[in-house]
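Student: sequence first, predicted model second:
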Amino acid sequence: QVQLVESGGGLVQAGGSLRLSCAASGIIVSINTMTWYRQAPGKQRELVATITRGGGTTYPDSVKGRFTISRDDAKNTIYLQMNNLKPEDTAVYYCNVLTLYGGRYGPHPNYWGQGTQVTVSS
């Protein structure tokens, strides 16, 4: 059974930093493409960071240069370091694995956890 448990969120002032963690069980993060998503109230879930099994990373322009995804293979955990946070970064943050499911490549629909709330005050 796969479990992805996010933690590390909180309330921070604009310009501040947070480090999110995603502890995985039932899958091995080092051999999968792992991702961080976020969902703000009234908005669709948005991909904010990806790390491949080879360690390559990608980010959308909205967070590039401010967010860094990383991985600790020994702990089977992925991280999201968020710097220079902005009020528009306020959302619930989730991790997931990219996989082929139902003929589509994307986050596994059954692996969403509870997420961790990030609130950035102005």
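Tutor: Okay, I see it.

Student: tell me who's in contact with the spatially most central residue of the chain.
Tutor: In the chain, the C-alpha nearest the mean C-alpha coordinate belongs to W36, at 2.0 Å (CA atoms, centre = their mean). W36 makes contact with 20, 22, 47-50, 67, 69, 78, 80, 93-95 under the criterion CB atoms under 8 Å, 6 or more residues apart in numbering. For every residue, glycine as well, the C-beta is placed using N, CA and C.

Student: and with 10 Å instead?
Tutor: By CB atoms under 10 Å, 6 or more residues apart in numbering, the contact list for W36 reads 6, 20, 22, 46-51, 59, 63, 67, 69, 78-80, 82, 93-96.

Student: tell me how many other residues crowd the residue nearest to it when sequence neighbours are not counted.
Tutor: Excluding its sequence neighbours, the residue lying closest to W36 (CB to CB, 6 or more residues apart in numbering) is A49, at 4.4 Å. One way to gauge burial is a neighbour count; for A49, by other CB atoms under 10 Å, it gives 27.

Student: what does the strand or helix carrying A49 contact?
Tutor: When secondary structure is defined using DSSP states H and E, the element that contains A49 is strand 46-51. Contacts to strand 46-51, defined as CB under 10 Å, 6+ apart, come from residues 20, 29-30, 32-40, 56-60, 62-64, 66-71, 78-82, 89, 91, 93-96, 98, 106-107.

Student: chain center to it: distance?
Tutor: Taking CA atoms, centre = their mean, to the nearest Å, one finds the center of strand 46-51 at 6 Å from the center of the full chain.

Student: following that strand in sequence, what is the next regular element?
Tutor: Scanning forward in sequence from strand 46-51, with DSSP H and E defining helices and strands, the next element found is strand 57-58.

Student: ok now that next one, how far from the chain's centre?
Tutor: Worked out by CA atoms, centre = their mean, strand 57-58 lies 12 Å from the chain centre.

Student: what lines up beside that strand in the sheet?
Tutor: Taking DSSP bridges as the criterion, strand 57-58 pairs within the sheet with strand 46-51 (antiparallel).
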